[in-house]
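Peer 1: pasting the sequence and the predicted model now:
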Amino acid sequence: MSRKTSDNDYTLRSMSNLMGERRKKVSDDGERSLIKAPSNASLSSQASASAPTTAPTGASSSSTTATAGELERAARKQFQQDVTPAFVYVLAAFSALGGFLFGYDTGVVSGAMLLLKREMNLSALWQEVLVSSTVGAAALSALAGGFLNGLLGRRVCILLASFIFSAGGVVLSTAPNKEVLLVGRIIVGLGLGIASMTVPVYIAESSPPHLRGQLVTVNTLFITGGQFIASLVDGAFSYLRRDGWRYMLGMSVVPAVLQFVGFLFLPESPRWLIQRGRTQKARRVLSQIRGNQNIDEEYDSIKSSIEEEERDCAGGGPVIWRMLTYPPTRRALIVGCGLQMFQQLSGINTVMYYSATILQMSGVRDDKLAIWLASVTAFTNFLFTLVGVWLVERVGRRRLTLGSIVGTALSLSLLGIGFLLSAENTPAVTLHPTHPATPNSTCTRYGSCEPCMLDPACGFCYRENSTSLFSSSCVPVNQAITGEAAWGRCSNTTQMSDGTYWAYNYCPTSYSWVVLLGLMLYLACFAPGMGPMPWTVNSEIYPLWARSTGNAYSAGVNWTFNVLVSLTFLHVAQSLTYYGAFFLYSGLALLGFLFVFSCLPETKGRRLEEVESLFESRLCTCGASDSDEGRQIEYIRVKGSNYHLSDNDASDVE
Ligand SMILES: O[C@H]1[C@H](O)[C@@H](O)[C@H](O)[C@@H](O)[C@H]1O
């Protein structure tokens, strides 16, 4: 608690220990020279210096010149080879199957719904209920997951989640009617909530500090990978005349069973074991996941930090109450929940959900092709999450998130501009037919495509020749099949042989390239930072006693805003237009930037036990109040430490 440790201190200390113990051979310009291990301080200072450094050589008389960066890189590489057994990667990969299921189950439903609504004759309300029931159930079970994690441990919770996923998959694929489908979707949501909050915590607690960010970010890579695979499965099974949705929804059983079996053999988190007093087991697990590294230092540090926590946080009341009344954890919770909220407010799931519509706007009018091309969007999200995995330990969480959210805000504005240009140049309605079947239809009132498209009850029916649109009308939609008009020229299919088209949810435009560019830029900016960092940061900012509760609440916030944003998107677009909606999300992302800028400290390279101290600093002003400062100083006194309130003011508190 009272440790004042610089970034990477642990990693560098361990590196220099290794180097000191064994005098590593480091290859430089093809010449092998024995480099004397620098002390921790000198390694740190060398690392910060940019001038070339002459590395003192031991046996060799020739001196080798290496920059501090090269030295650090070589030492880091050697260190990582020595202390990162393959087991940690296996453990992270099996855990991240939870992320895969998260992505698959949230992604597959849009394609499944296209088939289901036809086969089961689902009303719009039932479709909405089936989609959002999973996300709603996930929000609730994420909250319950906090309690279960503390009680049963991370491993049992992951086993439970994969069991629930498997059961949900079986129910969905065999459902005889929509009521059973709803039960299946709720079951899957219960698994999702538990997995989404447990997996990042489990990976973070098992990883060595220098890999933690990367391995937790792999979980988000699996989420976006799951969404991508789901889009391919949707495309493939959309050709089946009957029961395609059963395969789409049922396929999730495969990764769920794989994860369940894998976790029968994987160990519990060593931190949870120590907290529960199962110290022998914890030591065995630590040795297993740290390979040939000496685990004493890490074990002692976790243990003493838990003992301190138990002493200081012995006060009663539920964990969430203790978190809210203790300034460092309150600030951490605000940062964690705020990040998750802004992730969803930046509109990722509207972009993912409406990518088919956006693609249609760009001229892809064939439904099947639009479904296939939507997988290009999902793939872009996946690809750029990979960039995040690569960057997280290089540039750190804070800079990655800040850069990502600025880019996200700008590309959302570009999307807004694309929609604005399309709206300004929207084609006029030239014909105003009526039909006795829909006497009170609002569709006949509209003079152009834009307002017609924004009304969910109407669609735009138009004929196109090579240069312009002519004979266009706004007609009511067939509520059972939104791909068709209720009557008239466009009532049989979306594209007629004479060049007549039915556009539902979009308008023909020549500015679609701006929208497409905005979409690609959006994903390229969002996916490396704002996509994974909320999950990664949340897995590391809470002390052990508050970790599962903190993650439960922040995951709950993520799911709640997910359902809020995706359910309200069409209504927001209706009242503000599409461009208004995207400008709104852009503004919200800018607010998110201010929030991240003032609240998110850098956690890269620190041991989990050290991260709490970052939220004791006055520099992190989120959630601080005047009375807190007194409490905080008192708290530091109780610890009897010389802890610096912040690195900058360097004033010790006795
Ligand atoms: O981090 C993930 C990821 O960005 C997904 O693409 C998105 O669908 C989820 O809502 C989000 O939590």
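Peer 2: Perfect, I can see it now. Numbering: from 1, shown residues only.
Peer 1: measure residue 141 to residue 374 for me?
Peer 2: Noted for residue 141: a distance of 28 Å to residue 374, by C-beta to C-beta, to the nearest Å. Placement of C-beta: from N, CA and C, glycine included.
Peer 1: go on, residue 526?
Peer 2: Taking C-beta to C-beta, one finds residue 526 at 16 Å from residue 374.
Peer 1: now swap in residue 269 and tell me
Peer 2: From residue 269 to residue 374 the distance is 37 Å (C-beta to C-beta).
Peer 1: quick one, phi psi at the residue of the stretch 401-550 of the chain found nearest the ligand?
Peer 2: Nearest to the ligand in the stretch 401-550 of the chain, going by C-beta to the nearest ligand atom, is residue 531, at a distance of 3.3 Å. The phi and psi values for residue 531, taken as degrees, to the nearest 10, are phi -70, psi -60.
Peer 1: low-confidence ranges, the chain, go.
Peer 2: 1-84, 292, 312-316, 357-358, 360-367, 465-470, 480-483, 493-497, 617-654 (pLDDT under 70).
Peer 1: for the stretch 351-500 of the chain, what lies in contact range of the ligand?
Peer 2: 352, 381 (C-beta under 6 Å from any ligand atom).
Peer 1: can you show me the helices along the stretch 351-500 of the chain?
Peer 2: 355-361, 367-395, 397-424, 449-454 (DSSP state H, counting those that start in this stretch).
Peer 1: any idea which of those helices gets closest to residue 250?
Peer 2: Across the helices of the stretch 351-500 of the chain, residue 250 has its closest neighbour in helix 367-395 (19.1 Å, C-beta to C-beta).
Peer 1: now do the closest one: which elements does it pack against?
Peer 2: Applying 3 or more C-beta pairs under 8 Å, 6 or more residues apart in numbering; DSSP states H and E, one finds that helix 367-395 contacts helix 209-237, helix 348-353, helix 355-361, helix 397-424, helix 512-526, helix 533-538.
Peer 1: now do the contacts for residue 131.
Peer 2: 109-110, 113, 566 (C-beta atoms under 8 Å, 6 or more residues apart in numbering).
Peer 1: quick one on the thing from earlier: nearest approach to residue 575 belongs to which of the helices of the stretch 351-500 of the chain?
Peer 2: helix 449-454 (8.9 Å).
Peer 1: neighbouring contacts of that closest one?
Peer 2: 422-423, 426-429, 443, 446, 458-460, 462, 472, 474, 503-508, 573-574, 577-578.
Peer 1: among the residues you listed, name the buried ones.
Peer 2: Buried by 16 or more other C-beta atoms under 10 Å: 422-423, 426-427, 429, 443, 446, 458-460, 462, 472, 474, 503-508, 573, 577-578, out of the contacts of helix 449-454.
Peer 1: any idea which element the residue lying closest to residue 212 once chain neighbours are set aside lies in?
Peer 2: Counting by C-beta to C-beta, 6 or more residues apart in numbering, the nearest residue to residue 212 once its immediate chain neighbours are dropped is residue 204, at 5.5 Å. Residue 204 belongs to helix 178-206 when assigned by DSSP states H and E.
Peer 1: list the buried residues in that helix.
Peer 2: 178, 181-182, 184-206.
Peer 1: so which residues on the stretch 101-250 of the chain come close to the ligand?
Peer 2: Within the stretch 101-250 of the chain, the residues that sit near the ligand (C-beta under 6 Å from any ligand atom) are 220, 223-224, 227.
Peer 1: which of the contacts of residue 131 lies closest to the ligand?
Peer 2: Taking the contacts of residue 131 together and measuring to the ligand by C-beta to the nearest ligand atom, the closest member is residue 566, at 9.2 Å.
Peer 1: what helix or strand is the closest one on?
Peer 2: With DSSP H and E as the test, residue 566 turns up in helix 544-599.
Peer 1: hmm, that helix in reach of the ligand?
Peer 2: Yes: Helix 544-599 reaches the ligand (C-beta under 6 Å from any ligand atom) through 558, 562.
Peer 1: centre of the chain to the helix or strand just after that helix, how far?
Peer 2: Downstream of helix 544-599, the next assigned helix or strand under DSSP H and E is helix 608-611. Distance, stretch centre to chain centre, for helix 608-611: 22 Å (C-alpha atoms, centre = their mean, to the nearest Å).
Peer 1: against which helices or strands is helix 608-611 packed?
Peer 2: So helix 608-611, by 3+ C-beta pairs under 8 Å, 6+ apart, packs with helix 296-312.
Peer 1: buried set for the following helix or strand past the helix it packs on?
Peer 2: Toward the C-terminal end, the helix or strand that comes next after helix 296-312 (DSSP H and E) is helix 319-325. By neighbour count on 16+ other C-beta under 10 Å, the buried set for helix 319-325 is 319-320, 322-323.
Peer 1: angle of the helix or strand just after helix 319-325 against helix 397-424?
Peer 2: Using DSSP H and E, the helix or strand that follows helix 319-325 in sequence is helix 327-345. Counting by axes from the mean of the first three to the mean of the last three C-alpha atoms, to 10 degrees, helix 327-345 lies at 30 degrees to helix 397-424.
Peer 1: quick one, helix 327-345 and helix 544-599 angle?
Peer 2: Using the same axes, to 10 degrees: helix 327-345 against helix 544-599 is 60 degrees.
Peer 1: in helix 327-345, which residues are buried?
Peer 2: Going by 16+ other C-beta under 10 Å, helix 327-345 has these buried residues: 327-345.
Peer 1: OK, contacts around the nearest residue to residue 232 once chain neighbours are set aside?
Peer 2: Setting aside the residues directly before and after it, residue 232 is nearest to residue 375 in space (C-beta to C-beta, 6+ apart), at 5.5 Å. By C-beta under 8 Å, 6+ apart, the contact set of residue 375 is 228, 231-232, 234-235.
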